[in-house]
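Undergrad: A predicted structure for the sequence below; I have some questions about it.
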Amino acid sequence: MRQAWHLHAAVKRGLSQCMPRLPPRKTLAAASDAASGKQRSGIMGPAGRKSRAKSDPANAATDDTSPTPKRRRTTTTESKASKASKAKTTSKAGPGRAEELKALRRGHKVVAGVDEAGRGPLAGPVVAGACIVPEHVDLTSLGVTDSKQMSEEQREVAYEALMAHPDVVCATAFVDHEEIDRINILQAAMLAMSKAVEGLKAAGASEEPTCVLVDGPRAPQQFSERGIESVPIVKGDSRELCIAAASVLAKVERDRAMLDLHKQYPQYGFDQHKGYPVPAHKEAVARLGPCPVHRKSFQPIKGMLGWEREPAMGSKTTGKSNKPASKRGKKAK
């Protein structure tokens, strides 16, 4: 066994002596560069790559194929810019008819949109608008969208066009400040929307809507009581055309109502803020006290007057309005 091991070691030494010794790898690379007239940096790592890139840009890419952090950041920035551009393009397209078309496919013949304006102000009514926009009607040129995203001038132009269109049916309904105080603002808004939809038949609709698209997370209970399917849509005024049209009706009607109230109570500046709780309005209330059209159930008026809502008597609220549901438009086709 020992002899076999010695024999194996001797053969191994003999082979190593017979085979030529190759120079180190670095020496081979240097010799190759010398033959081609190139100079190779002896620095290893990122610093070496930068040095070699300066002397030989053509081969710099072969040293490191992975993207640098700078390139990755640029790619991310470009991706964000691309997404922002797509979002901007989508917003310009305006509201569509996705939910309305679904309702029509479910068998509904008349689909309406409804929205309200004036839940947040300290004074004045809450107003609802309801609108039927037949499928063949194109409102693209009017730029109808969420009324809050439109200027006052744009809303007025769109409002007049909606009112004048022979195939668009519009109705509005008001619930005044006294009713708001009596049943609370949420119930008042629901009541206004219910009355606006109810007014569509009188405004010229061929028949009462069997489906209503409602802006917001909830719909009036009155719809289900009348056998009307309701589809609450969060941000519906920017997603569905009929709701967007309804939002324009409600906003313009309420703004006009507040301009009328400004003539009666000019010291509060209703023509500027439309009753919303901006600093100038709250300062006027603190200085002058509330006027008759301020909502007593809203702070700071509630605290100033020490007001409390009277307990409900258990009877069903029918509600009242300082304006009837108004007739708008002509019969839809």
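TA: Great, that's in hand.
Undergrad: quick one: average pLDDT of the helix or strand in which residue 180 is found?
TA: Using DSSP states H and E, residue 180 sits within helix 177-183. What helix 177-183 shows for mean pLDDT is 97.
Undergrad: how about the helices in the protein?
TA: Per DSSP state H, the chain has helices spanning 2-18, 25-36, 45-55, 57-63, 69-93, 98-105, 152-164, 177-183, 185-202, 221-225, 241-264, 270-273, 279-288, 301-305. These are given in chain order.
Undergrad: Any regions of the chain where pLDDT drops low?
TA: Judged by pLDDT under 70, the chain has its weakly predicted residues at 1-92, 312-333.
Undergrad: Try it again at 80.
TA: Judged by pLDDT under 80, the chain has its weakly predicted residues at 1-93, 309-333.
Undergrad: The residue nearest to residue 149 when sequence neighbours are not counted: how many residues sit nearby?
TA: Nearest in space to residue 149, with sequence neighbours left out and distances taken as C-beta to C-beta, 6 or more residues apart in numbering, is residue 238 at 7.2 Å. C-betas here are computed from N, CA, C, even on glycine. A count of neighbours around residue 238, defined by other C-beta atoms under 10 Å, yields 19.
Undergrad: And for residue 260?
TA: Around residue 260 there are 11 other residues, counting by other C-beta under 10 Å.
Undergrad: That one and residue 149: what is the separation?
TA: In this structure, residue 260 and residue 149 are separated by 25 Å, where distance is defined by C-beta to C-beta, to the nearest Å.
Undergrad: Then residue 117?
TA: Residue 117 is 14 Å from residue 149, where distance means C-beta to C-beta.
Undergrad: More neighbours: which of those two?
TA: A direct count of neighbours by other C-beta under 10 Å for residue 117 and residue 149 places residue 117 higher, at 28 against 15.
Undergrad: give me the number of residues near the nearest residue to that one once chain neighbours are set aside?
TA: For residue 117, ignoring the flanking residues on the chain, the nearest one in space by C-beta to C-beta, 6+ apart is residue 250 at 4.0 Å. The local packing of residue 250 (other C-beta under 10 Å) involves 30 other residues.
Undergrad: right, and residue 250 touches residue 131 too?
TA: No. Under the criterion of C-beta atoms under 8 Å, residue 250 makes no contact with residue 131, lying 9.6 Å away.
Undergrad: So in terms of bridging, what pairs with residue 240?
TA: Here residue 240 sits in beta bridges with residue 96, going by DSSP bridges.
Undergrad: Any idea how many residues pack against it?
TA: Around residue 240 there are 26 residues (other C-beta under 10 Å).
Undergrad: and it, what is it in contact with?
TA: With contact set as C-beta atoms under 8 Å, 6 or more residues apart in numbering, residue 240 has these partners: 95-100, 113, 213, 233.
Undergrad: Which one of the residues you listed is nearest to residue 198?
TA: Nearest to residue 198 among these, counting by C-beta to C-beta, is residue 113 at 14.6 Å.
Undergrad: Pretty sure that closest one sits against residue 249.
TA: No. Taking contact to mean C-beta under 8 Å, the distance of 9.8 Å between residue 113 and residue 249 leaves them out of contact.
Undergrad: quick one: common contacting residues for the two?
TA: Common contact partners of residue 113 and residue 249 (C-beta under 8 Å, 6+ apart): 130-131.
Undergrad: any idea how far the residue nearest to residue 268 when sequence neighbours are not counted lies from residue 306?
TA: The shortest distance from residue 268 to any residue that is not its chain neighbour, by C-beta to C-beta, 6+ apart, is 5.0 Å, and that residue is residue 284. Residue 284 is 20 Å from residue 306, where distance means C-beta to C-beta.
Undergrad: Looking at those two, which one has more neighbours?
TA: It is residue 284, of residue 284 and residue 306, that has more neighbours when counted by other C-beta under 10 Å, with 19 against 7.
Undergrad: Can you give me every residue that contacts that one?
TA: Residue 284 makes contact with 267-269, according to C-beta under 8 Å, 6+ apart.
Undergrad: Let's see that with 10 Å instead.
TA: Residue 284 makes contact with 265, 267-270, 273, 278, 290-291 under the criterion C-beta atoms under 10 Å, 6 or more residues apart in numbering.
Undergrad: overlap in contacts of residue 117 and residue 149?
TA: Listed as contacting both residue 117 and residue 149 by C-beta under 10 Å, 6+ apart are residue 247.
Undergrad: Identify the contacts common to residue 250 and residue 131.
TA: Among the neighbours of residue 250, those also in contact with residue 131 (C-beta under 10 Å, 6+ apart) are 114-115, 172, 196.
Undergrad: Can you tell me which of these are buried?
TA: When these are checked for burial by 16 or more other C-beta atoms under 10 Å, the buried set is 114-115, 172, 196.
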